[in-house]
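> Starting from these lines, generate the structure:
(6 chains)
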Protein chains: 4
Amino acid sequence: MKKGSKAAEPDTNGIPSDAPRKDNGRSDVRRTDARRKYDPEQTKRNILDVATQEFSAMGLTGARVDAIAERTNTTKRMLYYYFGSKEGLYQAVLEKVYGDIRALEQDLHVSELDPVEGMRALVEFTFDYHDRQRDFVRLVTIENINGAKYVEQSKSFKGRNVTVIHTIEDLLARGVAAGQFRNDIDAIDLHLLISSLCFHRIGNRHTFGTAFGRDPSHPRLRARHRAMIVDAVLRFVRKED
Amino acid sequence: MKKGSKAAEPDTNGIPSDAPRKDNGRSDVRRTDARRKYDPEQTKRNILDVATQEFSAMGLTGARVDAIAERTNTTKRMLYYYFGSKEGLYQAVLEKVYGDIRALEQDLHVSELDPVEGMRALVEFTFDYHDRQRDFVRLVTIENINGAKYVEQSKSFKGRNVTVIHTIEDLLARGVAAGQFRNDIDAIDLHLLISSLCFHRIGNRHTFGTAFGRDPSHPRLRARHRAMIVDAVLRFVRKED
Amino acid sequence: MKKGSKAAEPDTNGIPSDAPRKDNGRSDVRRTDARRKYDPEQTKRNILDVATQEFSAMGLTGARVDAIAERTNTTKRMLYYYFGSKEGLYQAVLEKVYGDIRALEQDLHVSELDPVEGMRALVEFTFDYHDRQRDFVRLVTIENINGAKYVEQSKSFKGRNVTVIHTIEDLLARGVAAGQFRNDIDAIDLHLLISSLCFHRIGNRHTFGTAFGRDPSHPRLRARHRAMIVDAVLRFVRKED
Amino acid sequence: MKKGSKAAEPDTNGIPSDAPRKDNGRSDVRRTDARRKYDPEQTKRNILDVATQEFSAMGLTGARVDAIAERTNTTKRMLYYYFGSKEGLYQAVLEKVYGDIRALEQDLHVSELDPVEGMRALVEFTFDYHDRQRDFVRLVTIENINGAKYVEQSKSFKGRNVTVIHTIEDLLARGVAAGQFRNDIDAIDLHLLISSLCFHRIGNRHTFGTAFGRDPSHPRLRARHRAMIVDAVLRFVRKED
DNA sequence: CATGAATGAGAATTCATTCAT
DNA sequence: CATGAATGAATTCTCATTCAT
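Numbering: from 1, shown residues only, chains lettered A, B, ... in the order given. This is a model prediction of the structure:
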């Protein structure tokens, strides 16, 4: 009767930037140095990589510890050894993934740009990041289904996110000073607005695609949406004369 | 996920507008006539209502059939009798919930309004709907985690969504004709933009709240966000002179 | 996930004499007289017919009361009304089916034939009956899996079967007297031998077919097997000179 | 099938050669070395042994996974660990059981015997095997109720059975050459004939016993039936002068 | 008589986690 | 460190049977 093998159907509908399930270059994972038999760091990273895919594809409850272990170079025991539990592993994945985006935002150096150009750069970066890092988008979505319970427990999480707000505050302040931007905009609200526009088209692309027969994340639409979103944000912040 | 953690911890962190788990007006459900023992419609509706809460709170994999049955007037068996399987029930919930929003959109009669006012009305409706119907937002999110697998199977789903697009097309056309709106906007793209702004602040409120110390769905922010989003959309569509 | 609907695969591998599951001339079942609304006898017969198929195809434990009721003109309630329980229904099916073969054996009138020809006629009848009445063969098989528990309870069963033995005894006696048959053969043993040869090729045709790539019940082999079995029996009973 | 009738009533009505349910020599199973806790081979064998009894006694649908697990040294979980599903276990049982008889047939070395003696030896072996291995007979019967669905899936099954046919072909050829046997006999047909005679008296002994008041598998009849069947086969193959 | 709705007691299967080697 | 084996507590689903209308 073989009911089992639920034939988990992950997300990643053919877009290459999504982590493929079967063999995402597992080969280059053991590169560090000449094939040491026991390399804790490598083992951990390996587990974390596989877990990122599984949690991202299946959600916290949907993910299967066995499925993760199977696609790992090591065994279930190690998974528990390093991360304690399924939830611990999930949390580790979350921290890794959130860490990445904020780190990148730092490298933008928008403070050196003209306010309008800086704003454009920030929006484009945010757009591109979401467009590419679908695991990130999915994990954030999943974590919201969990009521942010796990992110809440993470010490490193809270601090890490303020930097974007500072960046935006700086841009807004300089734009207002230069007479380019309105002076009634709250930085956090603006961040929410930008995030919304960049996140939704990826996060909800499946139902959107089914409902309207058009996958909003399709590469062909990328340039148009990117321009549209930049445009929408700039029209929003710009001072009318 | 400790073994015995039967006590599922749903989402709804204290915000009253989220559907309360225990008794959300169940009282008015058995109104038809005094407590008939055999009332299939009522039984189905009852199951569907409870299931909506459970799936919305826990996700498809996270939801427990037992938990649903327990909070029902009937037994688990009836759930299978009417809906065939956990997934069948989930799908029925999805159809119900999607049906509602589109039905309401019809009642707006924006075609009778001036384009700018019509657009404002549509955005405000969309905002209010998402702000209030958090089960809807959660279920859509969950369904995207599932890759829209279940809405895809629903016949009624696809047809039902075109109406919004027609509404927007009409608004845009009239606005362009009146010299109020730009003429280079695609209706589906605009719908995506509006949805993004209304959906994200609810759907991702938990991680956003944790990250920036401000719950974007908090009632106190509602008016401000509503105005901001209307403003952003109108600035986006309006023709510059 | 729709695990249910086990897609019961009945037996009847394309041989027309096996009762087809979907519509085996159900039409002619309500013939008796001008479509009376309530005809208990007809209802019972209808239930019995459907049940025969289901039990024969699925076995006692494998059969589903729901499946039977569904393919009936009436409802489950009637099934319990007339037959009391699943087991009661099974037993009724068994009695009906056993009744048929013995009745037919009577009509052979082998006592009027020459012993050799009479023996031939008896074997051929037995062969043909098993070859055609596969439901009978299956039900007997099933009942043996049950340890003949239900047949044991049937009053009408025991008496009905002696007649064949009498027929064989008569044939043997006459054959011995005529110097054609050996005189050391037990009638019951001979019946067992004949039954074995006629029953096995039908009852075990599936595993036999799989094991040896040749379905022993295939129409193309029928004539050959019929001749072979008659031959084997006659060689066995015949007196050697 | 009364609700609580948990106490499955197996077949084996008092005949000692049928596998006893409680302890069929389980003692010699854990021989390897003193009660190792971790012995996968033993665990599997143990499960398989118990399952053979349960499936043989109750059929595929009638068997209870819980009942099997209970009489095992392990838990239900291990059953799924090793065999995947109830059906997987059933299939494993089938393969084991079919493997045994063919293996034994090999050991007969009938090719070294005179054709008549070889034929006698083969028939006697077949008789004895069916007479003793009632689990085998029952499982084959059950599998025919299933339409041979599961042996069909077994790779090892098909090849394994040809050997008997080769043995028979060799006997027939040598017998014909020696002027002892007829030359118009098909080996597969002959195998079918022999099987029929040996199988039926065991497989259908219950209904036969009820119908005619004589259990054909009773030890007292064994010698007589054995001789009768050998006789019948030899008369069938022998060349008449 | 007829019928869809309802039900309790199982039955198969799954899952995160721990243990012996 | 590493690994296959083992486990108990759930979890989804099924089934014969009865009840209200």
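> what's the residue closest to the geometric middle of chain A?
In chain A, the centroid-proximal residue (C-alpha atoms, centre = their mean) is A:F136; its distance is 2.2 Å.
> got the angle between the helix or strand harbouring A:I47 and helix B:40-62?
Element membership of A:I47, judged by DSSP states H and E, is helix A:40-62. For helix A:40-62 against helix B:40-62, the angle by axes from the mean of the first three to the mean of the last three C-alpha atoms, to 10 degrees is 180 degrees.
> Can helix A:40-62 be said to contact chain C?
No - applying C-beta under 8 Å from any C-beta of the partner chain, one finds helix A:40-62 out of contact with chain C, separated by at least 12.6 Å. Yep, even glycine has a C-beta here, placed from its N, CA and C like the rest.
> Please name the residues that touch the residue nearest to the centre of chain A.
Shown in contact with A:F136 (C-beta atoms under 8 Å, 6 or more residues apart in numbering or on different chains): A:V97, A:Y98, A:D100, A:I101, A:Y129, A:H130.
> again with A:Y150
A:E87, A:Y90, A:Q91, A:L94, A:E143.
> Nearest to DNA strand E among the residues you listed?
A:E87 (6.5 Å; C-beta to the nearest atom of the strand).
> in chain A, which helix or strand is least confident?
helix A:155-160 (a mean of 73; mean pLDDT, DSSP states H and E).
> how far is that helix from where the chain is centred?
16 Å (C-alpha atoms, centre = their mean, to the nearest Å).
> And that helix, what's buried?
A:F157, A:R160 (16 or more other C-beta atoms under 10 Å in any protein chain shown).
> May I have it as CSV, with CA atoms only?
What follows is helix A:155-160, C-alpha atoms only, in CSV (Å, rounded to 0.1, in the frame of the first residue of the first chain):
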residue,chain,number,x,y,z
LYS,A,155,20.4,37.0,20.7
SER,A,156,22.2,38.0,17.6
PHE,A,157,19.1,38.7,15.7
LYS,A,158,17.8,41.9,17.2
GLY,A,159,20.9,44.0,17.1
ARG,A,160,21.7,43.0,13.6
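> List the contacts of it.
So helix A:155-160 is contacted by A:L94, A:E95, A:Y98, A:G99, A:R102, A:V151, B:T210, B:A211, B:G213 (C-beta under 8 Å, 6+ apart).
> circling back: derive a PyMOL selection command for the buried subset of the contacts of A:Y150.
To isolate the buried ones among these in PyMOL, judged by 16+ other C-beta under 10 Å, type:
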select buried, chain A and resi 87+90+91+94+143
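> Generate a ChimeraX selection restricted to the buried subset of the contacts of A:F136.
Filtering those down to the buried ones (16+ other C-beta under 10 Å) takes a single ChimeraX command:
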select /A:97,98,101,129,130
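> and which of the contacts of A:F136 is nearest DNA strand F?
Using C-beta to the nearest atom of the strand, A:V97 comes nearest to DNA strand F of the contacts of A:F136, at 23.7 Å.
> The host helix or strand of the closest one and DNA strand F in contact?
For A:V97, the element it lies in under DSSP H and E is helix A:86-106. No - figure legend: helix A:86-106 not in contact with DNA strand F (C-beta under 7 Å from any atom of the strand); closest approach 12.3 Å.
> cool, stretch A:60-78 as well?
Yes - using C-beta under 7 Å from any atom of the strand, stretch A:60-78 comes into contact with DNA strand F via A:T74, A:T75, A:K76, A:R77, A:M78.
> For the second one, which non-adjacent residue is closest in space?
Right, the one you point to is A:T75. The spatially closest residue to A:T75, leaving aside those adjacent along the chain, is A:A69, at 6.1 Å (C-beta to C-beta, 6 or more residues apart in numbering or on different chains).
> Give the other helices and strands that the helix or strand that neighbour falls within contacts.
Using DSSP H and E, A:A69 sits within helix A:65-70. Applying 3 or more C-beta pairs under 8 Å, 6 or more residues apart in numbering or on different chains; DSSP states H and E, one finds that helix A:65-70 makes contact with helix A:40-62, helix A:76-83.
> Which among those helices is found nearest to chain B?
Closest to chain B of these is helix A:40-62 (C-beta to the nearest C-beta; 3.8 Å).
> picking that back up, of all the contacts of A:Y150, which two lie farthest apart?
Pairwise distances among those were taken by C-beta to C-beta; the largest, 12.0 Å, belongs to A:E87 and A:E143.
> follow-up on the earlier one: could you say which of the helices and strands packed on helix A:65-70 is packed most deeply?
helix A:40-62 (a mean of 21; mean count of other C-beta atoms under 10 Å in any protein chain shown).
> now the angle from that helix to helix A:76-83?
100 degrees.
> What residue spans form the domains of chain A?
If you go by automatic domain parsing, the domain ranges for chain A are A:26-87, A:93-237.
> which of those domains is buried the deepest?
Mean neighbour count (mean count of other C-beta under 10 Å) peaks for domain A:93-237 among those, with a mean of 19.
> Spell out whether it and DNA strand E are in contact.
No - figure legend: domain A:93-237 not in contact with DNA strand E (C-beta under 7 Å from any atom of the strand); closest approach 13.4 Å.
> can you list the weak-confidence ranges in chain A?
Chain A contains residues with pLDDT under 70 at A:1-38, A:102, A:159.
> and if we set it to 90?
A:1-43, A:73-75, A:95-111, A:152-164, A:240-241 (pLDDT under 90).
> so which residue of it comes closest to DNA strand F?
A:R77 (2.4 Å).
> Please tell me how far that residue sits from DNA strand E.
Using C-beta to the nearest atom of the strand, to the nearest Å, we find A:R77 at a distance of 4 Å from DNA strand E.
> Also A:H218?
Distance from A:H218 to DNA strand E, by C-beta to the nearest atom of the strand: 32 Å.
> try A:V140
21 Å.
> Now do the host helix or strand of that residue against helix A:40-62, angle only.
Under the criterion of DSSP H and E, A:V140 resides in helix A:134-145. When the same axes, to 10 degrees is applied, the directions of helix A:134-145 and helix A:40-62 differ by 50 degrees.
> Helix A:86-106 and helix A:134-145, what's the angle between them?
Using the same axes, to 10 degrees: helix A:134-145 against helix A:86-106 is 120 degrees.
> Next, the contact list for the nearest residue to A:V116 once chain neighbours are set aside, please.
Spatial nearest neighbour of A:V116, excluding adjacent residues (C-beta to C-beta, 6+ apart): A:Q180 at 5.8 Å. By C-beta under 8 Å, 6+ apart, the contact list for A:Q180 reads A:P115, A:V116, A:R238, A:K239.
> Please apply the same query to A:R138.
A:R138 neighbours (C-beta under 8 Å, 6+ apart): A:D11, A:S56, A:A57, A:G203, B:I145.
> what would those residues look like in TSV with distance to chain D?
Output for the contacts of A:R138, formatted as TSV (distance: C-beta to the nearest C-beta, whole Å):
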residue	distance to chain D
A:D11	27
A:S56	28
A:A57	24
A:G203	37
B:I145	28
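> Would you point out the most distant pair within the residues you listed?
Longest span within those, C-beta to C-beta: A:A57 and A:G203, 14.1 Å.
> So which of the contacts of A:R138 is the closest to DNA strand E?
Closest to DNA strand E, out of all of the contacts of A:R138 and judged by C-beta to the nearest atom of the strand, is A:A57, at 13.4 Å.
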